[in-house]
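Chemist: take this sequence and fold it.
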Amino acid sequence: MSVFVKWLRTGAGWIVLAVLAATAGPGRALIMTPTDSGRPVTAPADDSKPRKVSPHDFSSPPDYRVMADLTGVDVTAAKTLASPPKAVAETPRTDTRFDFKPADASAPEPPATPPAPPVAAQPVETPGAPTNLATPEPGAAESSEIAGALDGALASLVALSPTVNPLGAGDWRAARAAIYDFYTDRLFAPVWVDGQGLTPRGRAVLARLARADEDGLDLAAFTLPDPTFADTRPERLAQVETTISAALVAYALQASGSRIAPAKLSNFVTASPAVVDPAKALSETARAADPGEALTGYNPSQKGYQDLRDELARLRAISPVAAPRPLAGPTLRIGMADSRVPLIRARFGLGAQVDPSSARLYDARVASAVAAFQKSKGLAADGALTTATSEALFGSPNSRREAAILANMEMWRWQPGEMGQAHIEINVPDYTLHVMDGDDEVLRARVIVGKPDTPTPIFSNEVKYILVNPIWRVPDSIIKKEMLPKLASDPRYLARRGFQVSYVGGRLVVNQPPGEGNALGRILFMFPNEHSVYLHDTPLKSLFQSAARMMSHGCVRVENPRILAQLLLEQSPEAIGKGIDLGRTNRRSLPAPVPIFIVYQTAYVESDASIRFSSDPYERDDEIWQHLTRSQQLPLAQDATVGQRKG
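Modeler: Below you'll find the model as predicted:
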């Protein structure tokens with residue numbers, strides 16, 4: 001539609017429209033507005049000949065809503081008919097992109113007989129279009145001028161080459177194009193401003209945008225107008241309209257998870273945020289009864305997120321003046337040069353002992369001082385300047401807590417909006433499983449998760465069935481890394497431990513039959529997934545007494561599998577026991593699949609409303625905080641080249 005509108009606004013386009021209307025014959029002319037949905041306008045009842053159209057018929061400002069039905073029109077003939085009459089050629093005018101001046105007054109007058117009045121079009125609501133949003137009335141010069149200015153402002157938005165991407169990992173170029181298309185479909189009628197300044201809807205959206213930091217969002221790339229903005233200049237109104245819509249789209253996409261692509265953090269993070277489509281975000285907010293509230297709704301609705309949001313507000317209220325935050329940047333190691341190094345040297349009193357040309361070099365002396373500091377703070381004493389170390393050096397305790405809360409709020413954006421009434425949550429850094437009924441906890445159990453080099457993946461799925469007395473089919477990675485070296489020195493290593501060994505297609509296959517010593521225990525909860533990671537029992541019950549329970553190859557071991565099985569299968573303890581007593585593998589399907597979410601939350605609010613901060617065993621918080629603070633957003637040049645860290 002945008003190509004047609006642009007063609008229509010040229011001088012040739014208007015003339016073709018006029019000629020088509022004049023030559024179509026009685027009953028064939030079709031004039032419509034965006035709400036007419038192609039409704040034909042009935043011709044006058046009489047069979048009078050088509051009236052002559054003079055250039056004076058185009059002397060008023062063009063109506064952006066008017067279009068013509070070009071179905072079946074011979075384009076070649078239309079181009080021929082587009083040649084202007086000689087009378088017009090005697091009083092030439094130059095049409096430019098934003099030329100809305102009336103035609104020369106010396107143009108010939110229309111015929112004495114006035115044209116028949118047009119039949120009034122009845123408004124028809126267009127699905128998906130903003131409601132209660134006025135479009136310009138025919139002949140409204142002021143609206144036409146704003147529309148023209150808005151077209152230009154939006155074209156500039158699309159054409160600009162920003163150095164910073166306000167969507168982080170999102171596609172800002174595609175988002176800008178979607179904004180332009182939204183207004184093209186509206187024929188450049190504004191939503192947030194009118195001829196005098198901000199509309200009530202514009203003020204409502206602006207109020208929410210100004211409070212974006214309450215949800216940890218960053219709109220620093222936009223200069224938002226003052227809430228009292230009032231102006232009549234079309235160019236200024238167009239700039240404000242464009243800025244609000246661009247900031248609105250950035251807010252909605254950030255809120256729904258655009259800033260970080262989780263899979264780029266690690267191959268073991270396959271949770272994927274459902275980032276809202278920019279056109280949908282703009283149209284939904286534009287037609288909402290309360291656009292500010294609609295915009296807020298793109299943030300996660302889960303109680304866990306809302307609790308963290310409230311805790312962030314409470315923390316900021318305690319320390320209204322934010323402590324200076326350390327400069328964001330990549331982890332520094334020996335041999336790297338960075339603008340932060342002089343600050344670190346000054347922090348440890350090393351500045352006077354180095355040649356000025358080496359002041360930015362992160363050398364062994366700096367790394368040694370950092371390592372000693374890390375050891376004193378209980379951090380990994382490797383001498384590398386991580387975000388956590390930087391915050392410990394320069395930030396206050398509250399700023400470190402705020403960083404953890406913001407990182408965890410961001411991870412909530414990776415979860416689906418609807419998690420299901422009954423569902424399972426496994427929080428990896430807290431080593432805990434929760435069976436939830438809505439927001440109410442039904443069961444809590446300790447779990448054992450993957451070691452740092454074989455981490456438990458972060459993803460969601462559905463538990464569909466349970467295997468009682470399962471057979472453990474040993475993964476190839478475990479056979480290669482752990483079993484083959486032992487077989488080299490002890491050929492009967494596997495046989496003595498009850499493993500069954502066979503070769504299938506030349507590949508070594510190792511199975512462990514059901515029994516007390518089976519690594520999966522007596523119960524295995526199945527949710528088929530790409531990681532081959534499951535929830536299961538274990539014969540090593542004593543391991544649950546350890547505080548830090550990173551001991552598995554990635555699977556999750558649960559402390560009370562029988563109780564969990566009873567809940568999911570809706571069966572009695574006796575029924576579960578009978579299945580185990582059979583001694584052989586038997587499968588039991590759940591009455592209905594139960595969603596399971598393996599999450600990574602190092603900051604969360606307990607049922608008693610107290611905030612809890614756990615350890616960060618996989619250092620995910622550190623990575624997420626770096627992504628959120630690296631130049632505030634990812635530079636556009638890095639959108640497609642952000643490196644992956646394996647595991």
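
Chemist: biggest strand in this structure, by residue count?
Modeler: Across the chain, the strand with the greatest residue count (assigned by DSSP state E) is strand 586-599.

Chemist: partners of that strand in the sheet?
Modeler: Strand pairing for strand 586-599, determined by DSSP bridges: strand 422-427 (parallel), strand 459-468 (antiparallel).

Chemist: and these as JSON lines, adding distance to Leu219 and mean neighbour count?
Modeler: All C-beta atoms are positioned from the backbone trio N, CA, C, and that covers glycine. Supplementary listing: those in JSON lines, determined by distance: least, Cβ to Cβ, whole Å; neighbours: other Cβ atoms under 10 Å:
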{"stretch": "strand 422-427", "distance to Leu219": "31", "mean neighbour count": "21"}
{"stretch": "strand 459-468", "distance to Leu219": "29", "mean neighbour count": "20"}
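
Chemist: and of these, who's closest to Pro278?
Modeler: Of all these, it is strand 459-468 that lies closest to Pro278, at 24.9 Å by Cβ to Cβ.

Chemist: returning to that earlier point: can you give me the buried ones in the longest strand of the chain?
Modeler: Using 16 or more other Cβ atoms under 10 Å as the burial criterion, the residues of strand 586-599 that qualify are Arg588, Leu590, Val594, Pro595, Ile596, Phe597, Ile598, Val599.

Chemist: nearest to Ser532, of those?
Modeler: Distances from Ser532 to those, taken by Cβ to Cβ, are shortest for Ile598, at 13.5 Å.

Chemist: does that closest one touch Ile426 like I think?
Modeler: Yes. Using Cβ atoms under 8 Å, Ile598 is in contact with Ile426, at 4.8 Å.

Chemist: identify the contacts common to those two.
Modeler: Taking Cβ atoms under 8 Å, 6 or more residues apart in numbering as the contact criterion, the common neighbours of Ile598 and Ile426 are Thr456, Val556.

Chemist: for the chain, name the helix or strand with the lowest mean pLDDT.
Modeler: When the helices and strands of the chain are scored by mean pLDDT, DSSP states H and E, strand 67-68 comes last with a mean of 31.

Chemist: now the helices: where do they sit in the stretch 101-250 of the chain?
Modeler: Ranges of helices within the stretch 101-250 of the chain are 141-159, 172-185, 200-209, 234-255, based on DSSP state H, counting those that start in this stretch.

Chemist: winner for burial among those helices?
Modeler: Between the helices of the stretch 101-250 of the chain, the one whose residues have the most neighbours on average, counting mean count of other Cβ atoms under 10 Å, is helix 234-255 (a mean of 24).

Chemist: can you name the next helix or strand after it?
Modeler: Proceeding C-terminally, helix 234-255 gives way to helix 278-287 as the next helix or strand, assigned by DSSP states H and E.

Chemist: and that next one with helix 234-255, angle?
Modeler: Helix 278-287 and helix 234-255 meet at an angle of 110 degrees, taking axes from the mean of the first three to the mean of the last three Cα atoms, to 10 degrees as the criterion.

Chemist: for the stretch 251-400 of the chain, which segments are assigned as helices?
Modeler: For the stretch 251-400 of the chain, applying DSSP H, counting those that start in this stretch gives helices covering 278-287, 291-296, 303-318, 341-347, 364-376, 387-394, 397-412.

Chemist: residues of the fourth one that come out buried?
Modeler: Same thing as helix 341-347. For helix 341-347, the buried set under the neighbour-count rule, 16+ other Cβ under 10 Å, comprises Val341, Ile344, Arg345.

Chemist: try the last one
Modeler: Taking 16+ other Cβ under 10 Å as the neighbour-count basis, helix 397-412 is seen to contain the buried residues 399-412.

Chemist: which among the residues you listed gets closest to Ser368?
Modeler: Using Cβ to Cβ, Arg400 comes nearest to Ser368 of those, at 23.5 Å.

Chemist: for the residue nearest to the closest one when sequence neighbours are not counted, give me the pLDDT.
Modeler: Counting by Cβ to Cβ, 6 or more residues apart in numbering, Arg400 lies nearest to Glu391, which is 4.9 Å off, once chain neighbours are set aside. Listed pLDDT for Glu391 reads 74.

Chemist: Ala281 reaches Val249, doesn't it?
Modeler: Yes. Taking Cβ under 8 Å as the contact criterion, Ala281 and Val249 are neighbours in contact, 5.8 Å apart.

Chemist: average model confidence for the helix or strand just after the longest strand of the chain?
Modeler: For strand 586-599, the following helix or strand on the C-terminal side (DSSP H and E) is strand 603-605. This predicted structure assigns strand 603-605 an average pLDDT of 93.

Chemist: ditto for stretch 623-640
Modeler: Taken as a whole, stretch 623-640 has an average pLDDT of 57.

Chemist: ditto for stretch 177-185
Modeler: Within the predicted structure, the mean pLDDT of stretch 177-185 is 97.

Chemist: could I have that stretch exported to PDB, CA atoms only?
Modeler: These are the backbone C-alpha positions of stretch 177-185, laid out as PDB (Å, rounded to 0.1, in the frame of the first residue of the first chain):
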ATOM      1  CA  ALA A 177      10.600  -0.300   9.000                       C
ATOM      2  CA  ALA A 178       7.600  -1.700  10.800                       C
ATOM      3  CA  ILE A 179       7.000   1.700  12.400                       C
ATOM      4  CA  TYR A 180       7.000   3.300   9.000                       C
ATOM      5  CA  ASP A 181       4.600   0.700   7.600                       C
ATOM      6  CA  PHE A 182       2.300   1.200  10.600                       C
ATOM      7  CA  TYR A 183       1.900   4.900   9.700                       C
ATOM      8  CA  THR A 184       1.700   4.200   5.900                       C
ATOM      9  CA  ASP A 185      -1.300   2.000   6.600                       C
END
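
Chemist: next one: it to chain centre, how far?
Modeler: Stretch 177-185 sits 20 Å away from the centroid of its parent chain (Cα atoms, centre = their mean, to the nearest Å).

Chemist: domain-wise, how is the chain divided?
Modeler: Domain segmentation of the chain under automatic domain parsing yields 2-89, 141-297, 419-613.

Chemist: ok, Ile466 - contacts?
Modeler: Counting by Cβ under 8 Å, 6+ apart, Ile466 makes contact with Ile523, Leu524, Phe525, Met526, Ala565, Leu568, Leu569, Arg587, Arg588, Leu590.

Chemist: and which of those residues is nearest to Tyr431?
Modeler: Using Cβ to Cβ, Phe525 is the member of the contacts of Ile466 that lies nearest Tyr431, at 17.0 Å.

Chemist: per-residue pLDDT of the residue lying closest to that closest one once chain neighbours are set aside, please?
Modeler: Among residues not flanking Phe525 along the chain, Leu535 sits closest, at 4.1 Å (Cβ to Cβ, 6+ apart). pLDDT, the model's per-residue confidence, is 97 for Leu535.

Chemist: hey, what's Leu535 bridged with?
Modeler: Beta-bridge pairing of Leu535, defined through DSSP bridges, involves Phe525, Val556.

Chemist: what number of residues lie near it?
Modeler: Other residues within reach of Leu535 by the criterion other Cβ atoms under 10 Å amount to 23.
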